[in-house]
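Visitor: got a predicted structure plus its sequence, pasted below:
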Amino acid sequence: MTFEQVIDWKLATLTEGADSHMTAEMAEYVNQHPELQQELEFIEAFYADSAVSNKTPSASMDAGFYQMLSKAQAAVPSQMQQLNDAEQTNNTSWVEALQSWLWSPRPVAQFAALALVFAVGFNANQGPQNGGAPELASLQQQVSSLNTMLALNLMDKSSASERLSGVAYSRESDLSDPLLQQKLTDLIQNDSSTSVRLAVLNRLSQLSDLSPYTEILLALTADNNNALIQFAAVRILLNSADKDIQQKLQTLAADERLNPDIRQLISNRNAQTFA
Amino acid sequence: MNDEIELMFRVKEGQLDKLALLYEGNKVALYNFFLRSGNSPALSEDLVQETFMKVLAYRSGFQGTSTFKSWLYGIARNTQADHYRKASNSKPHTDIEEQTLEGGATLTEQMESSQKHDLFQKSLDKLAPEHREIILLSRFQQLNYQEIADMLDCNLNTLKARMRKAISCLHSGYRSLTREG
């Protein structure tokens, strides 16, 4: 009989439903070791703690899950279609279909953005007919600054849904703003939510000049930890006309450690380009 | 347990609506797993969503060789590990120590009948993450040794040794709080 055997037996009775009857040999051993007796009493008290209760998550968690599920259900048929298309044309990826429901902004953010656009238009039309251009430009700049401020504020929130709204607001902002660039860079690399990271990637895909983000996108493409992010990043890079980027992608594709699907995607795209 | 495996196989086949049943059956326990691991309520909710998103994304990899819970919690702990690895230089989230302090009043209110519970909780919070994780999975998530061993990719004897060590550390922490030792 050993100390460890007795502890294992006690834990097994509490967690595995093992026989809780202590043998005479075990009882004698425990009596000879008061510190073991203390340990057993502690374990028993810990497992018998009746005050343990589960906390209930908020309704927004359920809402988020069901929103994701419904979008996934809607996306599955199109994924299958895209898979078939991919087999025939080798130029699309099922991940693109999956992304479409992951990054889409929340209705509230869309509404808010539309309201701001409406406000700009309305105010512009209230100005004098002649000489109104400077005021309009000034007003648009102010609204853009306001959007940037809102976007930055939301992107700092702890809730993923609020950070998604922040990314949506950034659509109305000037991405040359260094603070906004820094924040988007931070989110794309470190955010805990894949949806948020995909939303930022989608935002970047609308840029004509990728140069501030090229190295980050290449790093994300090379990182095999998250296939969705990899596909999103490589999709943006593949759409770039920059020869230097394409050369770097070729180098990445030559690395056997890279996700085989990504390597295939790069190869397919290059085969089409040079065909 | 087998029902959950069957449901997950249906999800794998494309019946995504079955995921809702798995979510409903596991969401509260999973949320509390993240909470007890020291995450804030908002982050715990994010991590639950992220975990189920990965369940969906990785459904083709489900083999049913262990229980669904074992597979789910394997994804959950990787999701949490990813978060802390990637967020180390990002915005701060409530850490374990902060949560203990914030939760003190609530715990006191809730546990007037049991000061021991408060001490157990504080001892648990002070444990190293790897020790706390094993105890949480066994004591609170009610996973059996085989499920935990599958998840941690170790054999049963190794798991038992880790469990003994974790319990011993918990007891030491408890003693230091109560000035027993």
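Guide: Happy to help now that I have it.
Visitor: which residues sit in contact with residue A:242?
Guide: Taking CB atoms under 8 Å, 6 or more residues apart in numbering or on different chains, we find residue A:242 in contact with A:210, A:214. Where you see a C-beta, it was placed from the backbone N, CA and C, and this is true even at glycine.
Visitor: what about it, distance to chain B?
Guide: Here the criterion is CB to the nearest CB, to the nearest Å. By it, residue A:242 lies 27 Å from chain B.
Visitor: state the pLDDT value of that residue.
Guide: Listed pLDDT for residue A:242 reads 84.
Visitor: then residue B:168?
Guide: 92.
Visitor: now for it: which residues touch it?
Guide: Per CB under 8 Å, 6+ apart, neighbours of residue B:168: residue A:39.
Visitor: quick check, residue B:18 in contact with residue B:11.
Guide: Yes: between residue B:18 and residue B:11 there is a contact under CB atoms under 8 Å: 5.0 Å.
Visitor: ok, and what's touching the helix or strand where residue A:27 lies?
Guide: Per DSSP states H and E: residue A:27 is located in helix A:24-32. With contact meaning CB under 8 Å, 6+ apart, helix A:24-32 is reached by A:1, A:6, A:9, A:22, A:36-37, A:40.
Visitor: return the subset of those residues lying in helices.
Guide: A:6, A:9, A:36-37, A:40 (DSSP state H).
Visitor: for the residues you listed, work out which two are farthest apart.
Guide: Maximum pairwise distance among these (CB to CB): 13.7 Å, between A:9 and A:37.
Visitor: give me the more crowded residue out of the two.
Guide: Applying other CB atoms under 10 Å in any protein chain shown to residue A:9 and residue A:37 shows that residue A:9 carries more neighbours, namely 18 against 13.
Visitor: ok, the more buried one - contacts?
Guide: So residue A:9 contacts A:18, A:22, A:26 (CB under 8 Å, 6+ apart).
Visitor: how close does the second one sit to chain B?
Guide: As defined by CB to the nearest CB, residue A:22 lies at a distance of 18 Å from chain B.
Visitor: so which strand or helix has residue 69?
Guide: With no chain named, the answer covers chain A. helix A:59-89.
Visitor: my bad, chain B
Guide: Residue B:69 is located in helix B:68-86, with elements delineated by DSSP H and E.
Visitor: which stretches of chain B form strands?
Guide: When assigned using DSSP state E, chain B turns out to have no strands.
Visitor: so what pLDDT did the residue most central in space within it get?
Guide: What sits nearest the mean C-alpha location of chain B, by CA atoms, centre = their mean, is residue B:33, with 3.4 Å. Per-residue pLDDT puts residue B:33 at 92.
Visitor: quick check: closest non-adjacent residue to it.
Guide: residue B:141 (5.6 Å; CB to CB, 6 or more residues apart in numbering or on different chains).
Visitor: dump the residue contacts of that neighbour.
Guide: Taking CB under 8 Å, 6+ apart as the definition, contacts of residue B:141 comprise B:29, B:33, B:69, B:73.
Visitor: quick one: low-confidence ranges for chain A?
Guide: Flagging of chain A using pLDDT under 70 yields the residue ranges A:50-52, A:76-144, A:270-275.
Visitor: now the helices: where do they sit in it?
Guide: Going by DSSP H, chain A shows helices at A:3-15, A:24-32, A:34-48, A:59-89, A:94-102, A:107-126, A:133-155, A:160-169, A:178-190, A:194-204, A:214-222, A:227-238, A:243-253, A:260-274.
Visitor: distance to residue B:131 added to those, as a markdown table?
Guide: Listed next are those as a markdown table, based on distance: least, CB to CB, whole Å:
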| stretch | distance to residue B:131 |
| --- | --- |
| helix A:3-15 | 14 |
| helix A:24-32 | 24 |
| helix A:34-48 | 13 |
| helix A:59-89 | 28 |
| helix A:94-102 | 35 |
| helix A:107-126 | 42 |
| helix A:133-155 | 35 |
| helix A:160-169 | 29 |
| helix A:178-190 | 27 |
| helix A:194-204 | 29 |
| helix A:214-222 | 34 |
| helix A:227-238 | 32 |
| helix A:243-253 | 40 |
| helix A:260-274 | 38 |
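Visitor: surely residue A:45 and residue B:116 touch.
Guide: Yes: counting by CB under 8 Å, residue B:116 is a contact partner of residue A:45 at 6.5 Å.
Visitor: who's more crowded, those two?
Guide: Between residue A:45 and residue B:116, counting by other CB under 10 Å, residue B:116 is the more crowded of the two (16 against 13).
Visitor: which ones are touching the nearest residue to residue A:224 once chain neighbours are set aside?
Guide: Closest residue to residue A:224 apart from its sequence neighbours, by CB to CB, 6+ apart: residue A:259 at 5.0 Å. Neighbouring residues of residue A:259 by CB under 8 Å, 6+ apart: A:224, A:227, A:230.
Visitor: any chance of the ones in helices among the contacts of helix A:24-32 in JSON lines, plus distance to residue B:53?
Guide: Formatted as JSON lines, these follow (distance: CB to CB, whole Å):
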{"residue": "A:6", "distance to residue B:53": "44"}
{"residue": "A:9", "distance to residue B:53": "41"}
{"residue": "A:36", "distance to residue B:53": "46"}
{"residue": "A:37", "distance to residue B:53": "48"}
{"residue": "A:40", "distance to residue B:53": "43"}
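Visitor: ok, and the most crowded of the contacts of helix A:24-32?
Guide: Most neighbours among these, by other CB under 10 Å: residue A:6, with 20 neighbours.
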